[in-house]
Structure formats: C-alpha cells, structure tokens
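>>> From the sequence below, what's the structure:
(2 chains)
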Amino acid sequence: MLDFDLMMEVLPKLWQGVGMTGRLSLLILLLAFVLALPLAFARNAKHRILSVPANAYILFFRGTPALIQVFLVYYGAGQFPWIRSSMAWTILRDPFWCLIIALGMNGAAYSAELFAGAMRNVSRGVIEAARALGLSWYATVRTVIFPIALRSALPAYSNEIILTIKATSLASTITIMDLTGMARLEVARTYAPYEVFLTAAAIYVAITALLTQALKQLERRVITH
Amino acid sequence: MDYLPNLLFGALVTLAVAFMAIAMGSVFGLLGAIARLSQSRIAKAISGFYITVIRGTPDLIIILVIYFGGTVGLSKLFGQTVAVNEFTAGSFALAFVFGAYATEIFRGAIGSIPQGQTEAARALSLPRFIVFFRIILPQAWRLALPAFGNQSIIVIKQTSLISVVGLEELMRSASIAAGASREPFKWYFTAACIYLMMTSLMTLLLRYAEARSNLGMRRS
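Model (predicted):
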C-alpha cells in the first residue's frame, strides 16, 4: 500500500530539515529558560507591580495559540514604521529569529508557571534554616531554592522540552525549512502525502521517544529520593 | 474596513471544530482506555502504539496527513478526484490527537476505581457491559474531569492549525483581514484576544464544573 522505495528516497531530504528543527528547538529552549526564571520570581512576588504584569504575560501566552503568536511577531511587527526603521528590523524580518522570539516567549510562560509552582513548594523551613545560617537572600535562592525547585520541576520540564520540539513544526508556516517544511516541499514535488508525512512523523516520533528515554535517565539520576 | 464580524464568525467555526474534535476524541479516548485496560495483548499494543505515535508527532503533521492524505486516499478509492472538506479533515485530525491524550486520562481515572467495585458488581452477576457503564464510568468521570477540561482548552488553541489547510476559522479570518487591511498586528492581536476570551471562559466553566462534580464528596 505504501511506497517504501519513495519513503527511502525522501528520507535523506527530510533529514536535512532535522538539523533546522534541532537548532530551533535548542535556541527556543534557551530563550524560554532565561525568560522563565525572572518571570517565575515576578509571579511569586508579593508586590503587585511585579506579579500583575507577570500574571498577565503568562495568561496571554498560555491562553492564545502559538501560531497566532508566531504571526504576531513575523507579520505584525512590520506594521509599525518605527520598527521597520529601527535596528530591531534586521532581526524581525528574518523568519528564523521571529520563530525563536515567538516560541521562546511562549515557552517562557509555560516554564515560568512550572518553576513558580515548584518554588512555592520549597518548604518554608528549609528557607528559614538557610537564612538562619546567615546566607544572604541571593545565596539562599542560588544554593537552596533553585536546586530544590528545579529538581522537582524536572519531570514536568521534560514534557515541556518534548512539546517545544513539536511546536517548532510551526516554522514551516513562515517559510522556514525545518523537518515539517521539508516534508511539505517533498509532498508538493512527489504528490505522495502519506509516504512523505508518515516518514516525517516517524522521524519526530523517533526523536521524541529517544529524548523521553534520555530525560527519564536524567530524572532517575537527579531525583535520588 | 471593519473585519470584526468576519472574525466573530470565524470564532464560531473555531468553536464548532473544537466541539466536534472533543466529541469524537472522547469516543476514541474511551475505546483507547478500554483497550489499554483489557486483557488482550493485541488491544493493549494497538492503543499503546496509537498513544506513542500521536503524542510524538506535531499536531500540524497529523492535520496535513489527514487533509492531503485523505484527498489522495479517497480519490484512489473512488477513481476520481475527491476534495476532502477542511472542516471534516481538521476535526478528525484533532479528534485523533484528543483521543490519544483522553486515552491516558480515562485510563488513569478508570484505573483508580477500586477493584472491589467491579468484583462486587460481578458477584451480583451484572454483565461486564453494565458494570462498566453503570458502576465504573459514573465514578470515574469525576476523577477525569480536571485533566479532560484542560485538554479541551488545548483543543481550542490547536484549531488554529487547521487554518494552514485553509479552513476559514478565527485564525484564517484574521490572516485574511491582516492581508486586506495591511494592519497585521491589529487583526492578529484582535484574534488573539478572542482566543483568550474563549480559553478563559472555558477555564471558568471548568472550575465551576469541578466544584459541582465534587458536591457531596468528602474533602480531604
């Protein structure tokens, strides 16, 4: 039923897209992580000046589709002449960076929610003990709260990593040739949607399955109790 | 030009697709959960494969497979070009996705009903079918509700992907308005706000439903 020769033929072409999918995923995860930590702090802050904007940010990015966020950055930014004439335009006219900005900000909202929850769950006694030992607030956060919170957030964060890889498929909607983009190109050439898309799906499943196993190993090492 | 009515009509289409996906996906989920909890190895393997494949593949790919694959498949079957309707293909694709997550949700909920319930009902010589629908499900749905609700909210956001194959739902209406008015930011942002309203409303409804479903339950 399926033309396996054709599947073997498109496999190396699709493989070219995997590199792009990987690069996008890494940069998105990096940006999301960097943004998520201050956001998580702001979300847990007592001051409303910090917590209200953080909550609004998280509500917006978690409550709207990622695709619309990508389009807002890629097409939306061009609407404003002052952006077009600014330095930022060199980045914002490039679909590659637009996707990273949009999905990075999106991922930051989900990760911030995770980290904020994990930090709230670090028991009060541990923090008080650290403070009583004379650790500064910064040292308490860095050596006590972070290690405990990030460790307990790891299983949920692993899931976040998998979701990010899958979300990079949106790259194909703004002309980036990632795995999905290459697959769409090959379908247009061969007009064999089953063979090409199922091969692409198999590559995604293989990547996510391998990564899931690797992350489980990591969890087993990091979470010893 | 004012494109707001177009966007609002698109939002109705979005809700319709989401509803179809959730309704069909729940059936897939229930079948998947029954297969996963059954004694049959083949049934277990099939539903395990289903979950792994769907959860490991981007939703966009699944929509593209069913839309373009459906056209090619049906055309071969009938010997003439058959165009698959975007609405049907999109809601089927999202139903498959929803079904995979719902399988895990239902399996967890059904699995946490004590074995004694089934044994007692079987001892009273109730048929398996009745035991499942009259004893197990009425207790399990309450446990499944929070995760089921969250997944339903995710579906609303996933419907935006169907715009890629041309269904004129909220996202596509926004793209058309953005192109025609040359004000992409304005119209994408308006659409985003409509999505936000829909997901927020669903969240509130879900909280209410959870509170209602736990009436009369002991609080721990």
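
>>> Now do the least confident helix or strand in chain B by mean pLDDT: distance to the chain's middle.
Ranked by mean pLDDT, DSSP states H and E, the helix or strand of chain B with the weakest confidence is helix B:70-78, at a mean of 83. With CA atoms, centre = their mean, to the nearest Å as the basis, the distance from the averaged C-alpha position of helix B:70-78 to the chain average is 25 Å.

>>> What residues of that helix count as buried?
Taking 16 or more other CB atoms under 10 Å in any protein chain shown as the neighbour-count basis, helix B:70-78 is seen to contain the buried residues B:70-73. Glycine gets a C-beta too; all of them are placed from N, C-alpha and C.

>>> Return the closest of the residues you listed with respect to chain A.
Each of the buried residues of helix B:70-78 was scored against chain A by CB to the nearest CB, and B:V72 proved nearest at 5.6 Å.

>>> Let me see the contact set for that closest one.
A:191-194 (CB atoms under 8 Å, 6 or more residues apart in numbering or on different chains).

>>> filter those residues by proximity to chain B?
With the criterion set as CB under 8 Å from any CB of the partner chain, the members of these near chain B are A:191-194.

>>> Return the subset of those lying in helices.
A:193-194 (DSSP state H).

>>> where along chain A do the helices fall?
With DSSP H as the criterion, chain A has helices at A:4-44, A:48-63, A:66-74, A:81-84, A:89-92, A:95-120, A:124-132, A:137-140, A:146-167, A:179-190, A:193-222.

>>> can you put the ones you listed in a markdown table and add mean pLDDT?
Supplementary listing: the helices of chain A in a markdown table, determined by pLDDT from 0 to 100:
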| stretch | mean pLDDT |
| --- | --- |
| helix A:4-44 | 94 |
| helix A:48-63 | 95 |
| helix A:66-74 | 96 |
| helix A:81-84 | 88 |
| helix A:89-92 | 88 |
| helix A:95-120 | 96 |
| helix A:124-132 | 92 |
| helix A:137-140 | 91 |
| helix A:146-167 | 93 |
| helix A:179-190 | 94 |
| helix A:193-222 | 93 |
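
>>> Looking at these, which is nearest to B:R207?
When the helices of chain A are compared by CB to CB, helix A:48-63 sits nearest B:R207, at 14.6 Å.

>>> Put the alpha carbons of the closest one into CSV.
The C-alpha trace of helix A:48-63 is given here as CSV (Å, rounded to 0.1, in the frame of the first residue of the first chain):
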residue,chain,number,x,y,z
ARG,A,48,1.7,43.7,42.7
ILE,A,49,3.9,45.8,40.4
LEU,A,50,5.8,42.6,39.7
SER,A,51,3.1,39.9,40.0
VAL,A,52,0.4,41.6,37.9
PRO,A,53,2.5,42.0,34.7
ALA,A,54,3.9,38.5,35.1
ASN,A,55,0.5,37.0,35.5
ALA,A,56,-0.9,39.0,32.5
TYR,A,57,2.1,37.8,30.4
ILE,A,58,1.5,34.2,31.4
LEU,A,59,-2.2,34.4,30.9
PHE,A,60,-1.8,35.8,27.4
PHE,A,61,0.8,33.4,26.2
ARG,A,62,-0.9,30.3,27.6
GLY,A,63,-4.4,31.4,26.6
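
>>> List the buried residues in it.
Of the residues in helix A:48-63, those with enough neighbours to count as buried (16+ other CB under 10 Å) are A:50-51, A:54-55, A:57-63.

>>> One more: stretch A:88-96?
By neighbour count on 16+ other CB under 10 Å, the buried set for stretch A:88-96 is A:92, A:95-96.

>>> Please work out how many residues are found near residue 213.
No chain specified, so I'll use chain A. The tally of other residues near A:Q213 (other CB atoms under 10 Å in any protein chain shown) stands at 10.

>>> that's the wrong chain, I wanted chain B
The burial count assigned to B:S213 is 15, neighbours taken as other CB under 10 Å.

>>> Surely it and B:L145 touch.
Yes. Between B:S213 and B:L145 a contact is recorded at 5.6 Å, counting by CB atoms under 8 Å.

>>> Now for the two: what residues contact both?
Taking CB under 8 Å, 6+ apart as the contact rule, B:S213 and B:L145 touch no residue in common.

>>> What confidence value was assigned to the residue nearest to A:R84 when sequence neighbours are not counted?
The shortest distance from A:R84 to any residue other than its chain neighbours is 6.4 Å, reached at A:G78 (CB to CB, 6 or more residues apart in numbering or on different chains). Looking at A:G78, its pLDDT reads 85.
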